[in-house]
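Trainee: what's the 3D shape of this:
(4 chains)
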There are 2 protein chains.
Amino acid sequence: MAKPRFRRRKEDRPQEITAAALEAFAEKGYSATRVTDVAKRAGVSKGLLYLYFKTKEELFKAVVKSFVSPRIDALKAEIESTELTAEGYFRGPFLAFAKQVPKSPARILVRLMIAEGAKHPDLTDWYHRNVVSHGLAALRSLIERGVRDGEFRKSALQEFPHMVVTPVLFAIVWSLVFGDRAGLNSDRFIEAQVDLLLRAIQADGTDEAGTS
Amino acid sequence: MAKPRFRRRKEDRPQEITAAALEAFAEKGYSATRVTDVAKRAGVSKGLLYLYFKTKEELFKAVVKSFVSPRIDALKAEIESTELTAEGYFRGPFLAFAKQVPKSPARILVRLMIAEGAKHPDLTDWYHRNVVSHGLAALRSLIERGVRDGEFRKSALQEFPHMVVTPVLFAIVWSLVFGDRAGLNSDRFIEAQVDLLLRAIQADGTDEAGTS
DNA sequence: ATAATTGCTGACCCGTTGGTCAGTAAGGAA
DNA sequence: TTCCTTACTGACCAACGGGTCAGCAATTAT
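Mentor: I've put the predicted structure just below:
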């Protein structure tokens, strides 16, 4: 009664494989990871992998798609339904979310997108349409609400909500490149920049901010 | 009288090769670039390349080093010798410099560092010591001067001069990933963020900004 | 001219890797 | 128990790419 050499689990395989691939890509980057390696991590033969994904490139795309969509949708829904003031939301839930991104697996995707994205235009298109633009739109609507409610004055932040995300990207890149050899306290850093930006657009002054 | 098959130009070769390598790496990334390809671009045989650089990895390091050092030293010297007020320098020369970075070859280095940096700790160490920390120190001293002169109030910017560079990195990454398919006006974006940050720390208010 | 030096070439080597496929065995049906 | 379907395996292949090296030819010394 030898234990079976494998189990048939059609349902779970794709997820197992993309998860393994995410790990592998994260460690070595796309070109440098071997398909065999991904298969090994997933506890599966190379042949099976090619049964579910036609090429290595397909696998890459599947990895990106499967790990991104859920997160952004959650944030978007939350912003639209919150009872907090705009500033309250920025200083509370948004900051909490933003601080945690550089420590999450999401940072790995950033590296992959930067390193390999240019070679996969259809993938980055999808990414922009389904992730980035949704996220930015949510932030923008939050800022607009703040302006309507008299919390914020008019400012360039309405056109460039990106600014509020900018320190998150910076923290991710910093840790990708320098690891923890050159410590940057990403929590305090992100908080500090968001704080300064909010101060700059607070409606207690008189003139408009940054609409030059 | 056939023209000679090649010319002996020991002096120029290394530069020619690193230049060609920069191009190639920029287009394909490190792993995906073939040494043969670099040699071909440089108008040189593969064998010669290996005469000047022991391995592909050595070549990579040489590329990074040769293209970075000059730039940062120039900026540093300029900041230390300028006659402008701190704010004047930020809004003038600094902004001009910052705007032009995302369009320059420097952006390519950013991609290389993000994509491959983690695999070359000695290289990123060198990069941090000789480039990043110099740049940040220069910015910090400029901000401190602004505080001493009463232009700026005390703020988190003293601890995190990074914030002022953040939109530059963002613009670079954006263009690397999305090209010009999702247009971000990097000039206006960078200017807007620097403007908001400067407003936030202007000394016309009463309390300290962002030292929470 | 001739020889000595050395920058340079490119064919070759061999380990690696994306991708294939004939065969094996798990699990369900009858 | 037997048969059938199909999830799964892993040996194999052809191409590729980093790295080598024996020899060639541009330049310099004599």
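
Trainee: The helix or strand harbouring A:L75 and DNA strand C, any residue contact?
Mentor: Using DSSP states H and E, the element containing A:L75 is helix A:56-81. Yes. Helix A:56-81 comes into contact with DNA strand C (C-beta under 7 Å from any atom of the strand), by way of A:K56, A:E57. C-beta coordinates here come from the backbone N, C-alpha and C atoms, glycine included.

Trainee: A:G92 - how many residues pack around it?
Mentor: Neighbour count of A:G92, defined by other C-beta atoms under 10 Å in any protein chain shown: 13.

Trainee: Was I right to think it contacts A:L84?
Mentor: Yes. Counting by C-beta atoms under 8 Å, A:L84 is a contact partner of A:G92 at 6.4 Å.

Trainee: show me the contacts for the residue nearest in space to the middle of chain A.
Mentor: Chain A has A:A106 as the residue nearest its centroid, 4.8 Å off, counting by C-alpha atoms, centre = their mean. Residues in contact with A:A106 (C-beta atoms under 8 Å, 6 or more residues apart in numbering or on different chains) are A:F67, A:V68, A:R71.

Trainee: List buried members of the residues you listed by neighbour count.
Mentor: A:F67, A:V68, A:R71 (16 or more other C-beta atoms under 10 Å in any protein chain shown).

Trainee: Which single one of the residues you listed is nearest to chain B?
Mentor: Using C-beta to the nearest C-beta, the shortest approach to chain B within those belongs to A:V68, at 13.1 Å.

Trainee: From the contact counts, what lies against the helix holding A:L75?
Mentor: helix A:13-28, helix A:35-41, helix A:106-116, helix A:121-127, helix A:133-148 (3 or more C-beta pairs under 8 Å, 6 or more residues apart in numbering or on different chains; DSSP states H and E).

Trainee: Reformat those helices as CSV; add mean pLDDT.
Mentor: Converted to CSV, these look like this (pLDDT from 0 to 100):
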stretch, mean pLDDT
helix A:13-28, 92
helix A:35-41, 95
helix A:106-116, 83
helix A:121-127, 82
helix A:133-148, 93
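
Trainee: what's the closest of those helices to B:A98?
Mentor: helix A:106-116 (19.7 Å; C-beta to C-beta).

Trainee: Tabulate the CA atom coordinates of the closest one in CSV.
Mentor: Extracted in CSV, the C-alpha atoms of helix A:106-116 (Å, rounded to 0.1, in the frame of the first residue of the first chain):
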residue,chain,number,x,y,z
ALA,A,106,1.8,43.7,-3.5
ARG,A,107,5.4,45.1,-3.5
ILE,A,108,6.5,42.1,-5.4
LEU,A,109,4.0,42.9,-8.2
VAL,A,110,5.4,46.4,-8.3
ARG,A,111,8.8,45.0,-9.0
LEU,A,112,7.5,42.7,-11.7
MET,A,113,5.6,45.4,-13.4
ILE,A,114,8.5,47.7,-13.5
ALA,A,115,11.0,45.1,-14.6
GLU,A,116,8.9,43.2,-17.1
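
Trainee: now it against helix B:106-116, angle please.
Mentor: Interaxial angle, helix A:106-116 versus helix B:106-116 (axes from the mean of the first three to the mean of the last three C-alpha atoms, to 10 degrees): 130 degrees.

Trainee: now check helix A:106-116, is it near DNA strand C?
Mentor: No. Judged by C-beta under 7 Å from any atom of the strand, helix A:106-116 stays clear of DNA strand C, getting no closer than 13.0 Å.
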